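Undergrad: Provide a 3D model corresponding to the input given below.
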Amino acid sequence: MNRLSQSLLDIKPARPWSGFGLVAPGLWASALLLMATVPTARAQGPAAASAATAAGTVKPAADAAAKVLLPGDNLVVEGIPPIAKELQERAGRYTEFRGASFIDWHPKQRQMIINTRFADTAQLHSVLFPGAARTQLTFFPDRVGDAHYQPVTADNFIFSKDIGGGEWFQLYRFDVKTGDITLLTDGKSRNTGPHYSHAGNRISYMSTSRNGRDTDLWMMDPQDKSTAKLVLQLSGGGWEAGQFSSDDKQLVLGEQVSATETYLWLVDVAKGEKTELTPRPAAGAEKVAYGSGLFSKDGKGLYVTTDKESEFQRLTYIDLATKKHTYLTTAIPWDIEEMTLSRDGRTLVFAANENGISRLYVMDTATKKFRPLPQVPVGVIGGLDLHSNGVDVGFTLSAARQSADAYSLNLKTGKVERWTQSETGGLRPETFSEPKLVTWKGLDGRDISGFLYLPPEKFTGKRPIMVNIHGGPEAQYRPGFLGRNNYYLNELGVALLFPNVRGSTGYGKTFLKLDDGFKREDSYRDAEALYKWIKQQPQLDGERILVTGGSYGGHMTLVSATHHNDLIRASLAVVGMSNLVTFLERTEGYRRDLRRVEYGDERDPKMRDFLQGIAPLNRAKNITKPLFIVQGQNDPRVPASEAEQMIRTVRQSKVPAWYLLAKDEGHGFAKKKNQDFQFYATILYLQQYLLK
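TA: Take a look at the predicted model:
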């Protein structure tokens, strides 16, 4: 299971789009005008069209339009020159990568549900055995997320889906025999984290349906949605329900205050009452973070991950009667990030994040002894789940030379089986660049690290570089599959570097807290130190640095554009915050308190003045290098107004400013057609402002 403190950080309902910049200006408008002349001539009839062609007015326009990749009606494109279709033809293979994620085991048979994309968005598919055909189950215009089989009859599964990236998730029941899909929730609230009881007669889930802000605990019999019942009325948005105990009488409930402060509660299902399992620390004592819990088979204890008395998240057993903590993985000096328990409670499989690489271990719960599972290929692992047979572990694996795919490992035989073989656009991933771990000194002499990818040897001389900063900020770049980014390496000769500046996870809780509140600029300085380090590297061209990133990485990109303008060549910000004050003011209630712990409370005058002083929006006059901003109109985490106010301000100084808005997307682009257009526009941006 994923640790609770990673699961609720970047959640925010959408704000309406203000209507800024709805007309594509300049060259794009000209290209659209050229296209418009063709149907006009045709509408006048064949004779008029022939006359127009003879006059030489239509054919040149049609020829010109045929050479240009036009954006869809759902895209707002400003400042971006026309993209030649020749570029699309040249780079198109890099848009045809697929990936597949393991979602859930069938409870009775050795088959699984996976998530992959064959059309425009990722949907649910069934796979009957390793290497079998992927049979599509859902067909929606928007992506479909997790799924959970009914554990006894397996005649249905529950899945979640939103609309347009807005993250107002609804729960649905899929009937396996008929393929019928039934909406279970109200269609307007936000509903997350469904878990089936072991008896299969109800699900627990979190919902904002009471007031649209607070996340309450609900239960329902999925066969009859009228049975939906509010079990616990809660305050705030940092709540998440875990799994039921084996007798279905209890479930574990997590309360997240921040990435470094989480509490666990036990819920008496029949009474609808909660009891605190992990009390608040005394005033001045260090805060503790817990991950989601798994009940032991006998119901007497809970397996959790926690950084209590440790820098890292250790696998821990909590005795429910005494609340005593028994630490089980102290010998592993890294975060334990996921775990899964066999149905008989005898076997526990967990994954450790060892400097960005996943390592699998298996534990005998009777002896508490564990051993590594060396058969698993090196990469990044997610979605661990043990089949009801007790021996097959399902998971998703991604690596630098391998797209994400669904796998299983047999604990008895050690056999690893790849269930899906995702397409790679005809390219040979085994030739792709592999990452090198690099370090540089931060402002205080602390080692900061990142993963560097170098282009093939056919590119000689110092290489221009793209620095890609991850979101979160409580997250970590890990060396999985680069997908389209391989084009920049293989075809443009651009090096890629993915830093993990202070505030990233994976390096201990002290490192995680080094950018909180008034320390925010320290992470900015880590990026500045990186740009200066690049200029000293013999393989890299320190005069050609492009900075990019999404979400908080988009914010860091805007910071680099305004604070480090002289050190970089250009910047490309994706769904980034331009002012943390306006961001916090406009985020919805259930997410606001979680973000205030990280960034600071904008209602405090001193903090507000500090955040306003460092805001990229208020330093936009410093930008003299090109800027490209990408945004989803329905973004539930970073309102589109953050992009709107930044692009409007930058344009006042006549700096080259590109803007791409998708009206049918949220926090990043999920639809392939939109991803493709963003990719081609990014290539053009690199060609114009980084490579020249």
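
Undergrad: show the average pLDDT along the helix or strand containing Ala404.
TA: For Ala404, the host element (DSSP states H and E) is strand 402-410. Averaging pLDDT along strand 402-410 yields 96.

Undergrad: the following helix or strand past it pairs with which strands?
TA: Using DSSP H and E, the helix or strand that follows strand 402-410 towards the C-terminus is strand 416-418. When pairing is defined by DSSP bridges, strand 416-418 lines up against strand 402-410 (antiparallel).

Undergrad: residues of the partner strand that come out buried?
TA: Gln402, Ser403, Ala404, Asp405, Ala406, Tyr407, Ser408, Leu409 (16 or more other C-beta atoms under 10 Å). In this view, the C-beta of every residue, glycine as well, is placed from N, C-alpha and C.

Undergrad: can you pull the contacts of the third one?
TA: Looking back up the chat, that one is Ala404. Gly99, Ala100, Ser101, Thr396, Leu397, Ser398, Ser422, Gly480, Phe481 (C-beta atoms under 8 Å, 6 or more residues apart in numbering).

Undergrad: would you mind measuring from it to Ala352?
TA: Distance check for Ala404 against Ala352: by C-beta to C-beta, to the nearest Å, it reads 19 Å.

Undergrad: give me the nearest residue to Lys513, chain neighbours excluded.
TA: Thr260 (5.8 Å; C-beta to C-beta, 6 or more residues apart in numbering).

Undergrad: wait, the one you found touches Lys509, no?
TA: Yes. Using C-beta atoms under 8 Å, Thr260 is in contact with Lys509, at 5.6 Å.

Undergrad: so what sits against both of these two?
TA: Ala289, Asp307.

Undergrad: how about the helices in this structure?
TA: Ranges of helices in the chain, per DSSP state H, are 26-43, 46-54, 59-66, 85-91, 485-490, 509-512, 520-534, 552-563, 580-586, 589-599, 605-614, 640-651, 672-689.

Undergrad: residues of the fourth one that come out buried?
TA: Neighbour-count burial for helix 85-91 flags Leu87, Gln88, Ala91 (criterion: 16+ other C-beta under 10 Å).

Undergrad: quick one: pLDDT of Arg42?
TA: Looking at Arg42, the pLDDT reads 29.

Undergrad: name the nearest of the buried residues of strand 402-410 relative to Arg213.
TA: Checking those against Arg213 with C-beta to C-beta, the nearest one is Ala404 at 34.5 Å.

Undergrad: if I look at the closest one, how far off is Leu482?
TA: 11 Å.

Undergrad: with Arg502 instead?
TA: For Arg502, the distance to Leu482 - C-beta to C-beta - is 24 Å.

Undergrad: kindly report the same for Leu360.
TA: From Leu360 to Leu482 the distance is 23 Å (C-beta to C-beta).

Undergrad: of those two, give the one with the bigger neighbour count.
TA: Leu482 (24 against 20; other C-beta atoms under 10 Å).

Undergrad: ok, the more buried one touching Tyr453?
TA: Yes. Taking contacts as C-beta under 8 Å, Leu482 lies within contact range of Tyr453: 7.1 Å.

Undergrad: between these two, what contacts are shared?
TA: Jointly contacting Leu482 and Tyr453 under the rule C-beta under 8 Å, 6+ apart are Ala400, Leu489, Leu496.

Undergrad: would you turn those into JSON lines with neighbour count?
TA: Listed next are the shared contacts of Leu482 and Tyr453 as JSON lines, based on neighbours: other C-beta atoms under 10 Å:
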{"residue": "Ala400", "neighbour count": "19"}
{"residue": "Leu489", "neighbour count": "21"}
{"residue": "Leu496", "neighbour count": "23"}
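
Undergrad: can you add distance to Arg213 and give those back as JSON lines?
TA: Below are those laid out as JSON lines (distance: C-beta to C-beta, whole Å):
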{"residue": "Ala400", "distance to Arg213": "42"}
{"residue": "Leu489", "distance to Arg213": "45"}
{"residue": "Leu496", "distance to Arg213": "40"}
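
Undergrad: apart from its chain neighbours, what residue comes closest to Thr557?
TA: Ala573 (4.1 Å).

Undergrad: count the neighbours of the one you found for me.
TA: Other residues close to Ala573 by other C-beta under 10 Å number 32.

Undergrad: how about Trp218?
TA: By the criterion of other C-beta under 10 Å, Trp218 has 23 neighbours.

Undergrad: over to the one 5 residues further on?
TA: Other residues within reach of Gln223, judged by other C-beta under 10 Å, total 15.

Undergrad: check it and give its pLDDT.
TA: For Gln223, pLDDT reads 96.

Undergrad: show me what contacts it?
TA: Arg173.

Undergrad: distance of it from Asp676?
TA: As for Gln223, its distance to Asp676 is 41 Å (criterion: C-beta to C-beta).

Undergrad: please apply the same query to Ala495.
TA: Using C-beta to C-beta, Ala495 is found at 24 Å from Asp676.

Undergrad: compare neighbour counts for the two and give me the winner.
TA: Neighbours per residue (other C-beta under 10 Å) separate Ala495 from Asp676, with Ala495 holding more: 25 against 20.

Undergrad: so the more buried one bridges to which residues?
TA: Ile465.

Undergrad: hmm, it is touching Phe451, no?
TA: No. Here Ala495 does not reach Phe451: they are 11.3 Å apart, not a contact under C-beta under 8 Å.

Undergrad: may I see the domains of the protein written out as residue ranges?
TA: When the chain is parsed with automatic domain parsing, its domains come out as 106-418, 435-689.

Undergrad: which one of these lies nearest to Asp73?
TA: The nearest among the domains of the chain, by C-beta to C-beta, is domain 435-689 at 8.4 Å.

Undergrad: quick one: the closest one to chain centroid distance?
TA: Taking C-alpha atoms, centre = their mean, to the nearest Å, one finds the center of domain 435-689 at 15 Å from the center of the full chain.

Undergrad: that one - what's its average pLDDT?
TA: 96.

Undergrad: ends of it, what's the gap?
TA: 25 Å (C-alpha to C-alpha, to the nearest Å).

Undergrad: same deal with stretch 168-185?
TA: 11 Å.

Undergrad: ditto for stretch 488-505
TA: 27 Å.

Undergrad: once you drop chain neighbours, what's closest to Gly233?
TA: Let me fix one detail, which is that residue 233 is Gln and not Gly. In space, Gln233 is closest to Asp216, 5.4 Å off (C-beta to C-beta, 6+ apart).

Undergrad: which residues pair with that neighbour across the strands?
TA: Under the criterion used (DSSP bridges), Asp216 bridges to Ser207.
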